[in-house]
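> Need coordinates for the following:
(4 chains, ligands or ions: 6)
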Amino acid sequence: MLKKLLNDPFDAVDEMLDGFVTAHADVVRLAAPRVIGRREPAHDKVGLVVGGGSGHEPAFAGYVGAGLADAAACGNVFAAPSPDVCLDAIRAASSGRGVLLCYGNYAGDVLNFDLAAELAAGEGIATATLRVSDDVASAPPQDRAARRGIAGDLFVFKVAGAAAERGDDLAGVAALAGRANDACRSLGVALSACEVPGSGRPTFEIGPDELEIGMGVHGEPGIRRGTLEPADAVAEQMLEAILADWRADGVEGGEAALLVNGLGATPYMDLYVLYRAARRGLEAAGWTVSRSFVGEYVTSLEMAGASFSVLRLDDELRVLLDAPARTARLP
Amino acid sequence: MLKKLLNDPFDAVDEMLDGFVTAHADVVRLAAPRVIGRREPAHDKVGLVVGGGSGHEPAFAGYVGAGLADAAACGNVFAAPSPDVCLDAIRAASSGRGVLLCYGNYAGDVLNFDLAAELAAGEGIATATLRVSDDVASAPPQDRAARRGIAGDLFVFKVAGAAAERGDDLAGVAALAGRANDACRSLGVALSACEVPGSGRPTFEIGPDELEIGMGVHGEPGIRRGTLEPADAVAEQMLEAILADWRADGVEGGEAALLVNGLGATPYMDLYVLYRAARRGLEAAGWTVSRSFVGEYVTSLEMAGASFSVLRLDDELRVLLDAPARTARLP
Amino acid sequence: MAASLRHAIVAAAEAVEAAREPLCALDAETGDGDHGVTMAIGARGVKRQLGAHPGDDPAGLVRAAATGMAGAGGAIGPIYGRGLLAVAGVLAERSTGATSDEGLTLELLRRCAAAAADAVSALGHAQAGDKTILDALLPVGAALAAAAAAGEPLAAGLQAARAAAEAGAAATAGMAAAVGRSARFGERSRGSPDPGASSFALIVGALVDDALAS
Amino acid sequence: MAASLRHAIVAAAEAVEAAREPLCALDAETGDGDHGVTMAIGARGVKRQLGAHPGDDPAGLVRAAATGMAGAGGAIGPIYGRGLLAVAGVLAERSTGATSDEGLTLELLRRCAAAAADAVSALGHAQAGDKTILDALLPVGAALAAAAAAGEPLAAGLQAARAAAEAGAAATAGMAAAVGRSARFGERSRGSPDPGASSFALIVGALVDDALAS
Ligand SMILES: Nc1ncnc2c1ncn2[C@@H]1O[C@H](COP(=O)(O)OP(=O)(O)O)[C@@H](O)[C@H]1O
Ligand SMILES: Nc1ncnc2c1ncn2[C@@H]1O[C@H](COP(=O)(O)OP(=O)(O)O)[C@@H](O)[C@H]1O
Ligand SMILES: [Mg+2]
Ligand SMILES: [Mg+2]
Ligand SMILES: [Mg+2]
Ligand SMILES: [Mg+2]
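Ligands and ions are numbered 1, 2, ... in the order given. Below is the predicted model:
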């Protein structure tokens, strides 16, 4: 059992959210059970609902606020939010111009959000859906829509949030979210496991000198289990998988936003060393890096490891990524 | 040996800083080897130099930017920066009105910064020094100046930076930094050890069901080694040590800024659960909490654990804490 | 026999709660290690919903259970939610206003299992052999149908249902997951039984035990 | 004998580098576990500074070593920096323009040790018995003084210095730290020797070995 600083594991999510809305009462409120809403709900704009299982903090509650999401639907740890919770989030986000549901592409999330979308339609709230599918390790290039969503969430949410904030309509916001998702490729590496509170054990086993490249944010299997190597070598393999995926789409370079995301336990020291390697590798491959993000954006509880996400920027995506936002966990 | 994503351990700090200034080139630059300066050096204000050993990221480089520090002097891992590095930081921070040196109270930092201050005086740069000493576990109340500095750094740096930015003179900035330090009490808890890169082993041993209350950010011993308990019980003991320290000073309550700081490996879930408990405890003890910070501010590499810091606010400290700042790692 | 559907559901919920860690261990093999926790949260929800539900009409009790399970979220929440709602539909159809378990027949149970399987399959687009809960649920329907067709007594049919659930769940160990989170494990998912099928077998066992004991 | 101070310093630096992990282990007992790494960084710095220093004048070489060690930072960097600068001062005083080790005497070494101890003590406000490098350095000075006073040959005096450093370092195991990071360990710091005293003894040993071998 991994050590945790929690109380009853069944209370962990609610206590966390209670702490979260209390700490950040200037930005967010508990709009309904398990639903984080903006402190001041927006008016007359497309709503953006994000969400998923808990355990990925700051995703998803940390992305609620002006310029980004209107509401986050928070599930149990690694379990999608129920249709009721999703529906409450949709209601909290709705100001009459429809709501975009934006979440990582996992079976549980799809089932629950789809059911909620049906219920919302019954209440006269139009919704559109964009499932983030940025993890190149999870399906081959020809099957991109089947990929799972990992740290690319940040880019897709940010673009959708900015488009909604400036007044785009639902179809437009959904299209831009889709464009960001199409322009995003990610890959992770895990060094240690995490543990769902109350489960009694880590979600997977990994030897003291092993790493797994391509592992998902819930411990889903990756593309290679190997022995620990220097950061530059690990970064090179990760980046190469991402670049190969771009090349499969005929893309040989471009302007990139680069995100080096910590999975939970990995220190900033390691993240910046990885960032340095990733950036050098991208530049050597003919890309330019014009925007950089280093830190914890989509985590896996106390898992050690990191992921790279490369968002290929065009003028519109760059503007939307740069647009101001104010949430509890993003500047 | 703990798993790390680094290259040659002797290159870790320089590679990290290289990644850092590259990722955040909009905010910072490498002003000299091991010295992070603002991208646009400030003019005609008191300079604020922060610094210390590396391994505490985002401290100290992450606090350089408008409204906060002018330069950070970065040492080797857990080793104070050398006098040369400190002097280069002082030079980078100096715009003619003197420089405040603000760092955690550790023997190595004192030695090196004091030597640098002498050298700076030789160059005609006036300095003042404020050593952060917020860790109540490290010395009794009557010996507060001997305490080590932990996450209270954030509050002291922020107050000093805001005072310098608005144009206060060196004595005034130093006095306000001292006031913030006097108004701050912190205490940590560690669940797992960290490892200095290249050292071959974790810095301490701790059993699979143990925790240590009061442990310092380099693994210095705390006040109690015990078995893991629920978060609320741990928080209560931590808070009580802080409140007892306040009571020893005759303070029974007040308006507080509350910081729950993650040491490196502890997930946001646990941090928010701890925050909730700390806040409830503070309020039950007659305090109000008007400002909250939850996240990683002063870390210990991959150590699992957290610290609480309580800054007792007055009107001036509140204004300075609220003043805008823009650094790589603080909004 | 089967004095109280309420009692049986609570017994099943408690069996699920007691199996929290082993079910998580199963899910850790091919999924994300949360199945036991999510099911336990669902079981708690079921008990809470039942507690708030005044009557003892079978359809109402099962609807309450559906609400409880759906509240757990994850992939499994809506699957039970939809499946149990389909069961409630069958029960409601049978006897509007019924308040006890009178009239419990193998044929009725067969229709319940079939309706649940259809609902789950429609929701999740899974087929037999995809290594899901369906691989335990479909055999239960088949066993009940066979027992009903053969005119077997209720107790024998219930025992056959339990055996079919257990055999179905065990057989998933040889399958490669084709839907859900585990599908990404592909061939690596072979070798250990599907957590959803396993917890379903556990529930069937608890329900049958409770029915036979009373 | 002592053909090259440069050679001896490099040998000491390499001895320090080779002891990186055990010195960290010692520091992990009562400090922050970095001493071996910080010393190794200092040793690399010393070698780099020596490499960039053209002449072979003893004072210049020791000044280069001081710069190299000071660059490592931590508590130990300035302590070596100041201590070595004091040694360089003694050497410079002795023979301006000397370019070799000619004239190496126990009396000269005694003065070096005394100057270093004074400088370290002035900088860090530590006393004998505080469980620091001084507890190895002061005995070295005393041993050299005794050997010089007794008119012993250089080699015997060097051996005595090494033995004194080792005994001094070993004796720190019984002390409770009174200054520096370990002071916060108080009584808990008893039982394991001081890392700074231990690495100093290692350096003295390497210097003496090199001097005696040549
Ligand atoms: N599309 C589906 N159809 C039927 N059952 C499914 C489907 N997807 C998942 N399941 C069932 O759900 C179980 C996993 O449940 P759980 O671990 O609680 O959810 P999650 O995969 O979201 O973590 C699987 O073992 C499988 O039996
Ligand atoms: N004030 C002091 N005077 C003399 N030596 C000291 C003093 N403070 C520390 N030391 C020496 O420094 C050693 C620790 O060095 P090191 O681990 O590199 O530094 P830090 O304590 O900064 O991590 C101690 O073992 C001790 O010998
Ligand atoms: Mg799950
Ligand atoms: Mg140190
Ligand atoms: Mg699961
Ligand atoms: Mg040390």
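> Buried ones in stretch A:296-308, by neighbour count?
Using 16 or more other CB atoms under 10 Å in any protein chain shown as the test for burial, stretch A:296-308 gives A:296-308. Every C-beta, even on glycine, is put in place using the N, C-alpha and C of the backbone.
> Span of it from start to end?
With CA to CA, to the nearest Å as the measure, the first residue of stretch A:296-308 is 12 Å from its last.
> Quick one: distance of it to the chain centre.
10 Å (CA atoms, centre = their mean, to the nearest Å).
> is it anywhere near ligand 3?
No - residues of stretch A:296-308 contacting ligand 3 under CB under 5 Å from the ion: none, with a closest distance of 11.7 Å.
> what number of residues lie near the residue in the stretch 1-150 of chain A positioned nearest to ligand 6?
The nearest approach of the stretch 1-150 of chain A to ligand 6 comes at residue A:3, 25.5 Å away (CB to the ion). Using other CB atoms under 10 Å in any protein chain shown, residue A:3 has 21 other residues around it.
> same thing with residue C:51?
Neighbourhood size, residue C:51 [other CB under 10 Å]: 12.
> quick one on the thing from earlier: contacts only, for the residue of the stretch 1-150 of chain A closest to ligand 6.
By CB atoms under 8 Å, 6 or more residues apart in numbering or on different chains, the contact set of residue A:3 is B:191, B:192, B:208, B:209, B:211, B:228, B:304.
> switch the cut-off to 10 Å
Residue A:3 makes contacts with A:195, A:302, B:191-192, B:206-211, B:228, B:265-266, B:270, B:304-305, as judged by CB atoms under 10 Å, 6 or more residues apart in numbering or on different chains.
> what do you get for residue C:159?
Counting by CB under 10 Å, 6+ apart, residue C:159 has contacts C:143, C:147, C:152, C:153, C:208, C:212.
> hang on, the earlier thing: can you tell me which of the buried residues of stretch A:296-308 are in helices?
Counting by DSSP state H, no part of those is found in helices.
> for the spatially closest residue to residue A:151 that is not a sequence neighbour, helix, strand, or coil?
Nearest residue to residue A:151 in three dimensions, chain neighbours excluded: residue A:261, at 3.9 Å (CB to CB, 6 or more residues apart in numbering or on different chains). State at residue A:261, reduced to three classes by DSSP: H, G, I helix; E, B strand; the rest coil: strand.
> Correct me if wrong: residue A:261 contacts residue A:310.
No - under the criterion of CB atoms under 10 Å, residue A:261 makes no contact with residue A:310, lying 11.7 Å away.
> what's the overlap in contacts for those two?
Shared contacts of residue A:261 and residue A:310 (CB under 10 Å, 6+ apart): A:152, A:186.
> Does residue C:158 lie in a helix or a strand, and which?
helix C:154-171 (DSSP states H and E).
> What residues of that helix count as buried?
C:154, C:157-166, C:168-169, C:171.
> Around ligand 3, pick out the residues from chain C.
Within chain C, the residues that sit near ligand 3 (CB under 5 Å from the ion) are C:32, C:34, C:74.
> and those residues near ligand 5, which?
Okay, of these touching ligand 5 (CB under 5 Å from the ion), that's C:32, C:34.
> Mind putting the residues of chain C next to ligand 3 into CSV with distance to residue D:134?
Below are these laid out as CSV (distance: CB to CB, whole Å):
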residue, distance to residue D:134
C:32, 57
C:34, 57
C:74, 63
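> for chain C, which spans come out with low pLDDT?
C:1-3, C:95-102 (pLDDT under 70).
> what residues does it put near ligand 1?
C:27, C:31-32, C:34-35, C:38, C:74-76, C:79, C:120, C:124, C:126, C:132-134, C:179-181, C:194-197 (CB under 6 Å from any ligand atom).
> again, 5 Å this time
Residues of chain C lying close to ligand 1 (CB under 5 Å from any ligand atom) are C:27, C:32, C:35, C:38, C:74-76, C:124, C:126, C:132-133, C:179-181, C:194-196.
> ok, and which of these reach chain A?
Subset of the residues of chain C next to ligand 1 in contact with chain A: C:27, C:32, C:35, C:38, C:74, C:75, C:76, C:124, C:126, C:179, C:180, C:181, counting by CB under 10 Å from any CB of the partner chain.
> Of these, which is the nearest to residue B:13?
Comparing those against residue B:13 with CB to CB places residue C:32 closest, at 36.1 Å.
> Stretch A:139-154 - what's its average pLDDT?
The predicted model assigns stretch A:139-154 a mean pLDDT of 95.
> chain center to stretch A:49-58: distance?
The answer for stretch A:49-58 is 8 Å, by CA atoms, centre = their mean.
> Need the mean per-residue confidence for that stretch.
Across stretch A:49-58, the average pLDDT comes to 98.
> how close does residue A:57 sit to residue A:28?
Distance, residue A:57 to residue A:28, using CB to CB, to the nearest Å: 13 Å.
> between those two, what contacts are shared?
Between them, residue A:57 and residue A:28 share these contacting residues under CB under 10 Å, 6+ apart: A:17, A:20.
> quick one on the thing from earlier: pipe the residues of chain C next to ligand 3 into a markdown table and attach secondary structure, neighbour count and distance to residue A:216 per row.
Shown next, in a markdown table, are the residues of chain C next to ligand 3 (DSSP: H, G, I helix; E, B strand; the rest coil; neighbours: other CB atoms under 10 Å in any protein chain shown; distance: CB to CB, whole Å):
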| residue | secondary structure | neighbour count | distance to residue A:216 |
| --- | --- | --- | --- |
| C:32 | coil | 32 | 8 |
| C:34 | coil | 31 | 13 |
| C:74 | coil | 33 | 15 |
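> tell me which of the residues of chain C next to ligand 3 is nearest to chain B?
Minimum distance to chain B across these is 13.8 Å, recorded for residue C:34 (CB to the nearest CB).
> Could you tell me which residues of the stretch 201-331 of chain A lie near ligand 1?
Counting by CB under 5 Å from any ligand atom, the stretch 201-331 of chain A has no residue next to ligand 1.
> where does the stretch 201-331 of chain A dip in pLDDT?
Using pLDDT under 70, the stretch 201-331 of chain A drops low at A:331.
> Leaving out chain neighbours, which residue sits closest to the closest residue to chain D within it?
In the stretch 201-331 of chain A, the residue that lies nearest chain D is residue A:269 (13.7 Å; CB to the nearest CB). Excluding its sequence neighbours, the residue lying closest to residue A:269 (CB to CB, 6+ apart) is residue B:16, at 4.9 Å.
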